[in-house]
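1. A predicted structure for the sequence below; I have some questions about it.
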Amino acid sequence: MELPFKRIFISGGAGVIGQEMVRRLAALNADIQVLAGDLKPRPADFPARFQYRQGDLNFLTEQEIGVFAPDLFIHLAATFERSTETYGFWEENFRHNVQLSHHLMTVQKDLPSLRRVVFASSYLIYAPALYTFAEVPAQATSLRETDPILPRNLTGMAKLAHEIELRFLQTFRAEQFSTAIPRIYRGYGRNGRDITSRWVRALLAGEEITVYGAESFFDYLYAADTAEGLLRLAAAETVTGTINLGTGRARRVAEVVDVLKQNFPEMRAKYVASDIPFEASQADMTLWRSQIDWLPATTLEAAIPEIIAFERARQGAVEALEAKASGNVLISSISAKVPLAEAVKNAATRFNATMQVVGGDLNPQALAFHYTDAHWVTPLTNDDNLAAIIQHCQAQGITRIIPTRDGELAFWARHRAALAEAGIAVLVSAPAAVQRCLDKLEFSTFGQQNGLPIIPTSLRIDALAADNAPLPASAAFVVKERYGAGSLSLGLNLPYAAAVAHAQTLTEPIFQPFIQGREISVDGYVSHAGQVHGLVARTRDVVVRGESQVTTTFHDPALLARLTPIVEKLGLYGPFVLQALLTDDGGLHLIECNCRFGGASTLGIAAGVDSFFWFLQEAAGADLSSFPFRPSPVPLRQVRAAADVVTSLLRNEE
């Protein structure tokens, strides 16, 4: 099969159909590029050259998909429940069916690259009176594309709604891209959630299976055939609108059980009566036959042994992969860091909607506890408490930790290997890099040894003189604590005598020459590979106790290019904040580096340094090349101000 597309975006790429499709695309042509997105972790057998985006695609931006520039979009992502939908499905269906479909077309409908859209709809949109019966049916009803429409449940409603949305877009964008809408019948396949796979898993575990509606007919469509059919439909660019995709040959549920019996001679099955109407449906494939020179051919007898072999091979491996991508995240020393907590929650929601954010702090009244899903009054972060901390994390399903206070970084860095062995990833640099950033004197010494533009620092003020010459009378100095936040007890632009006097008020003072310039902050993220993955510079417009209350990003590619190798030489991992001075003569002077997320670094996230989302992806084993840095095209300003939040106690108590 020839596919006239080179850049293909697949939503739901880790699903049962998506994985079959990716395998076919990998075998088709080495020039084909694929971006697959899904809530689930990246499948182990996905080709390295294909991009993968784990997370909620409701957060996919127009800029992000625009960089990939797909010419074909295959929309598979969907959520569903079998037979009777539960009350809790109300919100899930809206978010991951209705809203998701609308959003994905919103961010792509105006892309110049887009030529073709294939949306996987469902036969569930047809009026159920056509194919459901109170009595046992004698044969299946063939459903045609022109048959009456009346979705039988929320899933069918969502499919029909997006069919109508796509029809609307075609009235305006038909010359830009074509749209095909296959209505897919009863799917099943390897790694599926369908009843066939669930029965196979139960039988492999030696369990009895329960069979409802054994006399019902379904048009069983194997996922491998579905993937093949969708790609062939995509390639047939002149075929547009709705079209059935099934086998056209329905089989009774009892026949599925018979095939299972052939493969599990000792199987036990319990047949249960149900008040659910009997179903008897199959696809009328007349239109498909007239347009596509191919028909699904895989039978239950051929497919079920493949599913059994797959399930036998996957036992344990898939569970381990899913465990790596799941779990909760702890924000330690959360205190009153409300914007940080909300940023982590946003990243967690995008990564995995089931992930819980736990706030941790010594203070049982920590303000930010009100902004997390759960909280933990933590023990002191000292070596004696390491075992208890690990035990609690494992008991609460915490698999990721985000430290937020300078005083605890050394602890987490020292034990990050032991935590990793316990299945817990920590967002912290190596011990040497942490020490280098916490100790301002060591930071300066490292800069001198490596030719970095770090401001000279000394324990003795007289040592700042060049070549042991006397200090000029006009010299001015900065005096600060060697450890901790540099802005606390800071003496700025002090003459010699005042600097010496101010040093007497500090615990462990250090001296630096005062340099007149514009002070900036630089937010960034360094990947596991030690490479800068994103940098954003911002001015510090209003500073209170060392934190920017008003801060504004600015665009200076030359500055960021100069900073990149400097940062990489520091040996950091994860988020960091550089403080620096820019002088009128073009000079760059680094003041200090905080190797953690900064107080005003939420502006960095808004500007494209997606630190927490990148951390969650890397902790799951993802390569950040699939999540490129996309800086904001316009300057952004952040104003940090207090806000009152009112919540319902009744709702919280419930």
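-> Right, received. Where do you want to start?
2. for the longest strand along the chain, the distance to its chain's centre please.
-> Ranked by residue count under DSSP state E, the longest strand found in the chain is strand 532-544. Here the centre of strand 532-544 is set off from its chain's centre by 24 Å, with C-alpha atoms, centre = their mean, to the nearest Å.
3. now do stretch 161-170
-> From the chain centre to the centre of stretch 161-170 is a distance of 28 Å (C-alpha atoms, centre = their mean).
4. average pLDDT for that stretch?
-> If you average the pLDDT over stretch 161-170, you get 98.
5. list the buried residues in that stretch.
-> 161, 162, 163, 165, 166, 169, 170 (16 or more other C-beta atoms under 10 Å). Placement of C-beta: from N, CA and C, glycine included.
6. right, and residue 272 touches residue 211 too?
-> Yes: between residue 272 and residue 211 there is a contact under C-beta atoms under 8 Å: 6.8 Å.
7. quick one: the helices in the stretch 1-150 of the chain?
-> Listed in chain order, the helices of the stretch 1-150 of the chain (DSSP state H, counting those that start in this stretch) span 16-28, 62-68, 89-93, 100-106.
8. now the last one - C-alpha only, CSV.
-> Coordinates of the C-alpha atoms in helix 100-106 are reproduced here as CSV (Å, rounded to 0.1, in the frame of the first residue of the first chain):
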residue,chain,number,x,y,z
LEU,A,100,-11.2,16.3,23.0
SER,A,101,-12.5,15.9,19.4
HIS,A,102,-13.5,19.6,19.3
HIS,A,103,-10.2,20.7,20.7
LEU,A,104,-8.0,18.6,18.4
MET,A,105,-9.8,20.0,15.3
THR,A,106,-9.7,23.5,16.7
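9. counting by contacts, list what it packs against.
-> strand 72-75, helix 154-173 (3 or more C-beta pairs under 8 Å, 6 or more residues apart in numbering; DSSP states H and E).
10. likewise for the shortest one?
-> Other helices and strands packing on helix 89-93, by 3+ C-beta pairs under 8 Å, 6+ apart, are helix 154-173.
11. name the next helix or strand following the helix or strand bottoming out on mean pLDDT in the chain along the chain.
-> None of the helices or strands of the chain scores lower by mean pLDDT, DSSP states H and E than helix 317-325, at a mean of 53. Under the assignment DSSP states H and E, the closest C-terminal helix or strand after helix 317-325 is strand 328-331.
12. which stretch in the helices of the stretch 1-150 of the chain has the least confidence?
-> Among those, helix 62-68 carries the lowest mean pLDDT, at a mean of 91.
13. other residues contacting it?
-> With contact meaning C-beta atoms under 8 Å, 6 or more residues apart in numbering, helix 62-68 is reached by 7, 9, 33, 35, 51, 106-108, 110-111, 628, 630, 633.
14. just the buried residues of that helix, please?
-> 65, 66, 68.
15. go on, stretch 518-534?
-> Under 16+ other C-beta under 10 Å, the buried positions of stretch 518-534 are 520, 521, 522, 523, 524, 525, 526, 527, 528, 532, 533, 534.
16. tell me how far stretch 169-182 lies from the chain's centre.
-> On C-alpha atoms, centre = their mean, the centre of stretch 169-182 falls 29 Å from that of its chain.
17. same thing with stretch 118-133?
-> Relative to its parent chain, stretch 118-133 has a centroid offset of 33 Å by C-alpha atoms, centre = their mean.
18. go on, stretch 591-598?
-> Taking mean C-alpha positions (C-alpha atoms, centre = their mean), stretch 591-598 and its chain are 25 Å apart.
19. what sits up against that stretch?
-> With contacts defined as C-beta under 8 Å, 6+ apart, stretch 591-598 is touched by 340, 402-406, 409, 428-429, 433-434, 437-438, 440, 443, 455, 486, 519, 521, 523, 547, 570, 572, 574-581, 604, 611-612.
20. can you give me the helices for the stretch 201-350 of the chain?
-> 223-235, 253-263, 286-291, 300-314, 317-325, 338-351.
21. what are the contacting residues of the shortest one?
-> If I follow you right, that is helix 286-291. Contacts of helix 286-291 (C-beta under 8 Å, 6+ apart): 144, 145, 236, 239, 243, 244, 245, 295.
22. switch to 10 Å and redo it
-> Contact partners of helix 286-291, identified using C-beta atoms under 10 Å, 6 or more residues apart in numbering, comprise 142, 144-146, 180, 182, 229, 232-233, 236, 238-246, 248, 294-296.
23. so what's residue 526 closest to, chain neighbours aside?
-> Nearest non-adjacent residue to residue 526, counting by C-beta to C-beta, 6 or more residues apart in numbering: residue 572, 4.6 Å away.
24. that older thread, okay, the helices of the stretch 1-150 of the chain in CSV with distance to residue 134 next?
-> Shown next, in CSV, are the helices of the stretch 1-150 of the chain (distance: least, C-beta to C-beta, whole Å):
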stretch, distance to residue 134
helix 16-28, 32
helix 62-68, 47
helix 89-93, 25
helix 100-106, 34
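25. residue ranges with poor pLDDT in the stretch 201-350 of the chain?
-> 315-326 (pLDDT under 70).
26. what of the chain?
-> Within the chain, the stretches with pLDDT under 70 are 82-83, 315-326, 467-468, 485-488, 650-654.
27. buried by neighbour count: which residues of stretch 415-431 qualify?
-> Quick answer for stretch 415-431 (16+ other C-beta under 10 Å): 415-416, 419, 422-431.
28. ends of that stretch, what's the gap?
-> Distance across stretch 415-431, first residue to last, is 9 Å (C-alpha to C-alpha, to the nearest Å).
29. now do that stretch: distance to the chain's middle.
-> Stretch 415-431 sits 21 Å away from the centroid of its parent chain (C-alpha atoms, centre = their mean).
30. circling back: emit the ChimeraX select command for whichever of the contacts of helix 62-68 are buried.
-> Burial among the contacts of helix 62-68 is assessed by 16+ other C-beta under 10 Å; the matching ChimeraX selection reads:
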select :7,9,33,35,51,107,108,111,630
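31. state the pair within the contacts of helix 62-68 that is farthest apart.
-> Spanning the widest gap among the contacts of helix 62-68 are 33 and 633, at 23.7 Å by C-beta to C-beta.
32. hmm, back to that, the longest strand of the chain pairs with which strands?
-> Applying DSSP bridges, strand 532-544 is found paired with strand 518-526 (antiparallel), strand 547-554 (antiparallel).
33. would you mark the buried spots in the shortest one?
-> The neighbour-count check on strand 547-554 (16+ other C-beta under 10 Å) flags 547, 548, 549, 550, 551, 552, 553 as buried.
34. okay, the helix or strand hosting residue 448 in PDB with CA atoms only?
-> Assigning secondary structure by DSSP H and E places residue 448 in helix 440-450. Coordinates of the C-alpha atoms in helix 440-450 are reproduced here as PDB (Å, rounded to 0.1, in the frame of the first residue of the first chain):
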ATOM      1  CA  LYS A 440      28.200  30.900  46.600                       C
ATOM      2  CA  LEU A 441      31.900  30.800  47.200                       C
ATOM      3  CA  GLU A 442      32.200  27.400  45.600                       C
ATOM      4  CA  PHE A 443      30.000  28.600  42.700                       C
ATOM      5  CA  SER A 444      32.400  31.500  42.100                       C
ATOM      6  CA  THR A 445      35.500  29.300  42.400                       C
ATOM      7  CA  PHE A 446      34.000  26.800  39.900                       C
ATOM      8  CA  GLY A 447      33.400  29.700  37.500                       C
ATOM      9  CA  GLN A 448      37.000  30.900  37.700                       C
ATOM     10  CA  GLN A 449      38.300  27.400  37.200                       C
ATOM     11  CA  ASN A 450      36.100  26.800  34.100                       C
END
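35. what's the domain layout of the chain?
-> Following the assignment in automatic domain parsing, the chain carries domains at 7-320, 326-428, 515-654.
36. in contact with the closest residue in space to residue 542 that isn't next to it in sequence, which residues?
-> Once flanking residues are discounted, residue 542 sits nearest to residue 550: 3.9 Å by C-beta to C-beta, 6+ apart. By C-beta under 10 Å, 6+ apart, residue 550 lies in contact with 539, 540, 541, 542, 543, 544, 600, 637, 638, 639, 640, 641.
37. sounds good, over and out.
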